[in-house]
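K.L.:
Kindly generate the corresponding structure for this input.
(chains A and B)
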Amino acid sequence: MRLNVVLRYVGIVMLFNAAFMVLSAGVSYFYDIDSGFQPLLLSAALTAVIGAFPLIFVGSNEQISNKEGYTIVVGAWLMSCVVGSFPYLLWGGEFGFIDAWFESVSGYTTTGATILNDVEALPKGLLFWRSLTHWMGGVGVVMFALVILPSLGRSKMTISNVELSSIAKDNYRYRANTIIRILLTVYLGITLCCTLLLRVAGMDFFDAINHAMSTVATGGFSTKNLSIAYYDNIWIEIVLTFFMVLSGIHFGLIFATFTGKYMNIFRSEVVRYYLLSLIIGCLAISVSIWLGGSYESFWSALRYSSFELATYATTTGFAVADSNLWSPFAITLLMIFSIQCGCAGSTSGGIKCDRVCIAAKAIWAKIRQQQHPNAIFRIKLGGVVQEKSVSDFVMLFIVLYLFLILVGTVVMTAAGLDLVTAFSTSIANLGNVGPGFGETGGFNSYANLPGFVRFFCPLLMLFGRLEIFGLLQLFLLKWWK
Amino acid sequence: MGIRKKITIGVLSLAMLLVFSGIVSFFQLSRIGAETQNILRLGQRNMELAREMLDAAEEQNFALLQMFMGENLDYDTLFMEGKERFAIALDNARAEGFTGLDSIAAAYQRYEESAKYYVLHSIEGDTEWFIDEYGTNYHRLTDAVKAYMTSSQNSLAPQALVIEKNAYRAITPSIITIGVMLLVVLMFLYFIDLYYVQPVVKINRSLGDYLSFNTPFNVQMEGKDETFELKEKIEELIAQLKSCLSRNTQ
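P.N.:
Numbers count the residues shown, from 1 in each chain, chains lettered A, B, ... in the order given. Have a look, this model is predicted:
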């Protein structure tokens, strides 16, 4: 593996990070040069030095191997999380080294969990930077670099294949360049629409753009301590619910729907399953919390349950109500949705509906196979026959995902957390959801968790965001020939 | 870009980081120094004003006691001086922004009323009034000033914690810059080794093998800088040498 080539492309991603830091410093400047201006500018300078240094020595390279592609993507993610913590550290306030690392990883991986007790104490520039980390992380930090790198040629495919979810590529029938452009066009388009509608619904422009970036990236960072409950505005909740659900759908399908292609949102089997499961889940939770006496009317229950379900199921992590106080049935359903999450090719985390569909079909095929040993059963998803290797890999992924949830639970209970908090926090971090239940549920922050847990959670977030195998490969590079 | 330019930029980047780290450390340490000095100065000033108030109260008490005993009415002047000193000290403390002076002001107001009562009614020898009324108010006043002194001293503890926290904050930018510098140094070493040291070693080894064993000169290299040109020129030189030798043998 050529380390110099890896350093060059990781460096380019760092330069993008530096550019976004300068943008945040610009916001800080706009708001009367608040206390975030200097930290953001200093961080941008340091990040730019890290990014530009390899470019002095290493020339562009057209050919990148699979192994180098993996290392570039994982390296870019890790380095982005490291440099992303600089503004927090330099600003000070509630941030120590572990907390700044936590906040940065939570931002880039679009988890949206925070260690801040008082979010509103942050200057505007830093609030904007937090939301920007979500926005960059949502589509993938490397994607921005790929769109303006004409020198990469064929290597774009290698890198974008690693950056995109392994099952997300099925819905794209284009070249790497086109895929990246579609992805970013849809991403930017949804963000702009969301900002505009939030502004119309009653948010001020700064909050609207921050919440829009957070929503489209399915992140969850808010500019308010009470998250969306602060506004107590049903129109804002409706807009956010719509965009959260939309951001949980494959971006290629959204593009296809807008361009009038045959294979669109309404024809996709996975999207139909995703929306149906959300509707059924929403009704079940609404009835449960209404009958449980949490809300006086069914409509209130429906209002809060639909938002909370959307926020958990799409891994966003906003809050309008303290779901900690809801019935055990509702909490269990929310946890299940936090494991399943949205569709592949979207910004949401978790196992993803595509894998759930394939797994369910594989199990059904296995049952049918036992009934008819000589018959041949093919697993089809959206009319496309899935190879056995795909269904095997899906099963393996789900098993590994659930195993990691258990490992996370064991580690957190060992650190002194109660079972509900440990289990739900493990799910919330691995799925990049953000809020769990118990000590990390409702409007609680992660500030009161032990230092070790705050250090351990970012590891789960990274495993979840890089779909387990991405990060695992980094530890196994030595044996990758 | 040539070797000299690349190495110069590399070294300049490191120097820039070093200077940057130094400047940040200097400013942060200066800020902490100023904050510490300010806290110490405020503590000292606080104590001075409290001591001045105690002395003034004692002076008034001494003068009043002398007048009460009927020894000398000239002590009236001393009493007025003490009163003035106390008022000035209290006003200064307020003007300098010290807090927690309300209890002293309240106690002093009661003490002043007692003293005024004595001056107006000239109740010489009324020991009961002196002990119960005046003495109690005087002790309340001195206790309030002493409590203020103690609380000022106690308030230094959280201020010391603030200084400790600020010190941690002050070194954070330096730590980050040093971390970045270390990363850049490692990259610099790696690139120098990869692009300049290794090629020179390879050229040297291959040239040595060519001279000793007449094995072909074959060095694989990346980049288009002076090292690459050196390799090209050696290859050209060997080719010329070979053609020269073949001409001579013919």
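K.L.:
And whichever strand or helix holds B:Leu241, what does it pack against?
P.N.:
Taking DSSP states H and E as the criterion, B:Leu241 maps to helix B:226-249. If you count contacts as 3 or more Cβ pairs under 8 Å, 6 or more residues apart in numbering or on different chains; DSSP states H and E, helix B:226-249 packs onto helix B:198-213. C-beta: built from backbone N, CA, C; applies to glycine.
K.L.:
how far does the helix it packs on sit from the chain's center?
P.N.:
56 Å (Cα atoms, centre = their mean, to the nearest Å).
K.L.:
Need the CA coordinates for that helix. CSV is fine.
P.N.:
Provided in CSV are the C-alpha atoms of helix B:198-213 (Å, rounded to 0.1, in the frame of the first residue of the first chain):
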residue,chain,number,x,y,z
GLN,B,198,15.6,6.0,-0.6
PRO,B,199,16.2,7.1,-4.2
VAL,B,200,19.7,8.2,-3.4
VAL,B,201,20.4,5.0,-1.6
LYS,B,202,19.0,3.0,-4.5
ILE,B,203,21.0,5.0,-7.1
ASN,B,204,24.2,4.5,-5.0
ARG,B,205,23.6,0.8,-4.6
SER,B,206,22.7,0.2,-8.2
LEU,B,207,25.7,2.3,-9.4
GLY,B,208,28.0,0.4,-7.1
ASP,B,209,26.6,-3.0,-8.4
TYR,B,210,27.1,-1.7,-11.9
LEU,B,211,30.7,-0.7,-11.3
SER,B,212,31.6,-3.9,-9.3
PHE,B,213,29.6,-6.6,-11.0
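K.L.:
A:Ala19 belongs to a helix?
P.N.:
Yes: with DSSP: H, G, I helix; E, B strand; the rest coil as the criterion, A:Ala19 is part of a helix.
K.L.:
OK, contacts around it?
P.N.:
A:Ala44 (Cβ atoms under 8 Å, 6 or more residues apart in numbering or on different chains).
K.L.:
and the residue nearest the centre of chain B, helix, strand or coil?
P.N.:
With distances taken as Cα atoms, centre = their mean, the residue of chain B nearest its centroid is B:Ile32 (1.6 Å). Following three-state DSSP, we place B:Ile32 in the helix state.
K.L.:
residues contacting it?
P.N.:
Applying Cβ under 8 Å, 6+ apart, the residues contacting B:Ile32 are B:Ile163, B:Asn166, B:Ala167, B:Ala170.
K.L.:
And those residues, which is closest to A:Thr332?
P.N.:
Nearest to A:Thr332 out of those is B:Asn166 (Cβ to Cβ; 47.4 Å).
K.L.:
can you pull the contacts of the closest one?
P.N.:
So B:Asn166 contacts B:Arg31, B:Ile32, B:Glu35 (Cβ under 8 Å, 6+ apart).
K.L.:
pLDDT below threshold where in the chain?
P.N.:
If you meant another chain, say so; for now it's chain A. Along chain A, segments meeting pLDDT under 70 span A:62, A:144-176, A:481.
K.L.:
um, chain B though
P.N.:
Checking chain B against pLDDT under 70 turns up B:70-75, B:119-125.
K.L.:
Alongside chain A, which residues does it contribute?
P.N.:
B:1, B:6, B:9-10, B:13, B:16-17, B:20, B:24, B:169, B:172-173, B:176-177, B:180, B:183-184, B:187-188, B:190-191, B:194-195, B:222-224 (Cβ under 8 Å from any Cβ of the partner chain).
K.L.:
which of the residues in the helix or strand A:Met395 falls within are buried?
P.N.:
Assessed by DSSP H and E, A:Met395 sits inside helix A:388-414. By neighbour count on 16 or more other Cβ atoms under 10 Å in any protein chain shown, the buried set for helix A:388-414 is A:390-391, A:393-394, A:397-398, A:401, A:404-405, A:408-409, A:411-412.
K.L.:
ditto for stretch B:29-46
P.N.:
Buried residues in stretch B:29-46 (16+ other Cβ under 10 Å): B:Ile32, B:Glu35, B:Thr36, B:Ile39, B:Leu42, B:Asn46.
K.L.:
how near is the third one to B:Leu156?
P.N.:
Computed with Cβ to Cβ, to the nearest Å, the distance linking B:Thr36 and B:Leu156 is 11 Å.
K.L.:
Pop the domain breakdown of chain A in here.
P.N.:
A:1-163, A:369-479 (automatic domain parsing).
K.L.:
Report the contact partners of A:Tyr230.
P.N.:
Counting by Cβ under 8 Å, 6+ apart, the residues that A:Tyr230 touches are A:Ser222, A:Lys224.
K.L.:
redo that, cut-off 7 Å
P.N.:
A:Lys224 (Cβ atoms under 7 Å, 6 or more residues apart in numbering or on different chains).
K.L.:
Backbone dihedrals for A:Val384, both of them.
P.N.:
phi -100, psi 130 (degrees, to the nearest 10).
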